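> build me a model from this:
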Amino acid sequence: MFLVVGLGNPLKKYFKNYHNTGFMALDKISNELSFKFKKKECNAIIAEYYLNEEKIIFAKPQTFMNLSGISVQKLINKYKIPLENVLVVYDDIDVALGSLRFKERGSAGTHNGMKNLVEVLKSEEIKRLRIGIGKPENPNIDLADYVLSDVPKKYLEIFDETLEKAANAILDFINKKSVSEIMQKYN
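Sure thing, here's the model as predicted:
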């Protein structure tokens, strides 16, 4: 069994924000695989999907970004999913717009959602797919304001292409491709 978690914020006003990139990546893969997020449990909206007789739980925590670990911990406990079968997908300002970084482990960096996950799960051994949103063009803008801003129209095409690549990377993960293979292909 696998758990793929997209990080974001649950209210409609955040749906097109950079910080909801994890949700958007899961929406992209749900469109490609034709499944819907319907079920509410463990402080998340989830979808269950089967691939090669393997159950995959796709989850969008509804606890807001900075408390994502609460929902993820509940899902791991309920479904008894080993940490090595968990993938977290989220935005990252330290990765260039249009780029992806797949990592097997590491610190949370500057991302508060990942900081909470590492803290709650008491581990840095969390696979993650970081989707690049780049740094703000205006260096004087507050980073919180930047990540909570909508993706500008001028970047929508490249952003959509990046989400498509992210969906493919997620598929590679749930198809049990090796971490090194995924990293070579997408990083």
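> low-scoring stretches of this structure, by residue?
For the chain, no stretch is flagged by pLDDT under 70.
> show me where it has its strands.
2-6, 39-41, 44-51, 54-61, 86-92, 100-103, 127-132 (DSSP state E).
> can you show me the helices along the protein?
Counting by DSSP state H, the chain has these helices, from start to end: 21-33, 68-79, 112-121, 143-147, 156-174, 179-186.
> nearest to residue 47, out of the ones you listed?
Set against residue 47 and scored by C-beta to C-beta, those come closest in helix 21-33, at 6.2 Å. Bear in mind the C-beta positions are built from the backbone N, C-alpha and C, glycine included.
> next, the angle from the closest one to helix 156-174.
Interaxial angle of helix 21-33 relative to helix 156-174 (axes from the mean of the first three to the mean of the last three C-alpha atoms, to 10 degrees): 70 degrees.
> now what about helix 21-33, what contacts it?
Here helix 21-33 makes contact (C-beta atoms under 8 Å, 6 or more residues apart in numbering) with 4-8, 15, 36-37, 47, 49, 58, 60, 88-91, 113, 129, 131, 133, 163-164, 166-167, 170-171.
> just the buried members of the residues you listed?
4-8, 37, 47, 49, 58, 60, 88-91, 113, 129, 131, 133, 163, 166-167, 170-171 (16 or more other C-beta atoms under 10 Å).
> so the residue sitting nearest the centre point of the chain bridges to which residues?
The residue lying closest to the centre of the chain (C-alpha atoms, centre = their mean) is residue 89, at 1.7 Å. The partner list for residue 89 in beta bridges (DSSP bridges) reads residue 6, residue 129.
> from residue 44, how far off is the residue lying farthest from the centre of the chain?
Ranking residues of the chain by C-alpha distance from their mean position (C-alpha atoms, centre = their mean) puts residue 140 at the top, at 27.0 Å. Residue 140 is 36 Å from residue 44, where distance means C-beta to C-beta, to the nearest Å.
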